[in-house]
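Asker: below: sequence and its predicted model.
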Amino acid sequence: MSFLRKLAEKVTPPKVNLALNLKKDVYFLGENLEGELVVSSNDDFNADEVRCEFQCVEAARVQRRFYDSTSKREVVRDVWETATLYSARPSLSGPVHMSRGFTQSYPFSIGIPITMKPTYKGVDRRVTWTIKGVVAVKNRPDATTKALEVQVAQPATTPIIKEKEVIKEVVMIPCKYCGTLFPQTESTCPHCGARRTA
């Protein structure tokens, strides 16, 4: 019986209820993603680590050439290619013994780099931010939450406030010789070069 139990443990994660709670619905690039991971155990085991896994994945639809064996020629197909733009795995707790009835809340704060891309869903491109909670156990599959999608927006641009413009009133006077108006502060007419008389 003990052998079967050990065998079952190697292929099944521990019986743990995990819940991710975020403080806000929308976060901005450059902000901290804040929340808590609540762990409730229905099993008796030793956990190696409690952590969050936070990542940003970009998917793009591209056209690729494939050899089609039925038609014996190359065909062009649309495929989705993905790339992980950002990934963080902050540890919330080190090794801990979890017994039946164990309940613990682990707060977290993860920085969202301002240089990353915001959440985007288009016809041929997607940028998705996700987070999940993990209880890692040695020689057993990890207990995890479902990946929770996080809305990450571009921060509003701060308006540039110009310094107050100083408006000076300039008195214009006519040239005695050609009639061109020029500033009273000038000593010669910019048109004919005559010296100001008044």
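Answerer: In hand now; what should we look at?

Asker: let me see the domain layout of this structure.
Answerer: The chain breaks down into these domains under automatic domain parsing: 2-58+87-153, 170-198.

Asker: so, low pLDDT: which residues of the chain?
Answerer: 1-11, 157-168, 198 (pLDDT under 70).

Asker: what segments of it are helices?
Answerer: With DSSP state H applied, the chain shows helices at 2-11, listed in chain order.

Asker: which strand runs longest in it?
Answerer: In the chain, taking DSSP state E as the definition, the longest strand is strand 49-68.

Asker: for that strand, packing partners?
Answerer: Counting by 3 or more Cβ pairs under 8 Å, 6 or more residues apart in numbering; DSSP states H and E, the packing neighbours recorded for strand 49-68 are strand 32-41, strand 73-88, strand 91-93, strand 103-111, strand 125-136. Glycine gets a C-beta too; all of them are placed from N, C-alpha and C.

Asker: so for it, what gets flagged as buried?
Answerer: Residues 49, 50, 51, 52, 53, 54, 55, 56, 58 are the ones in strand 49-68 that count as buried (16 or more other Cβ atoms under 10 Å).

Asker: could you export the helices and strands packed on strand 49-68 as TSV, including mean neighbour count and distance to residue 117?
Answerer: Formatted as TSV, these follow (neighbours: other Cβ atoms under 10 Å; distance: least, Cβ to Cβ, whole Å):
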stretch	mean neighbour count	distance to residue 117
strand 32-41	19	15
strand 73-88	11	7
strand 91-93	16	26
strand 103-111	14	15
strand 125-136	19	5
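
Asker: residue 154 is nearest to which of those strands?
Answerer: strand 125-136 (11.0 Å; Cβ to Cβ).

Asker: that closest one: how far from the chain's middle?
Answerer: Distance of strand 125-136 from the chain centroid (Cα atoms, centre = their mean, to the nearest Å) equals 11 Å.

Asker: turn the domains of the chain into a markdown table, including distance to residue 72.
Answerer: Formatted as a markdown table, the domains of the chain follow (distance: least, Cβ to Cβ, whole Å):
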| stretch | distance to residue 72 |
| --- | --- |
| domain 2-58+87-153 | 30 |
| domain 170-198 | 83 |
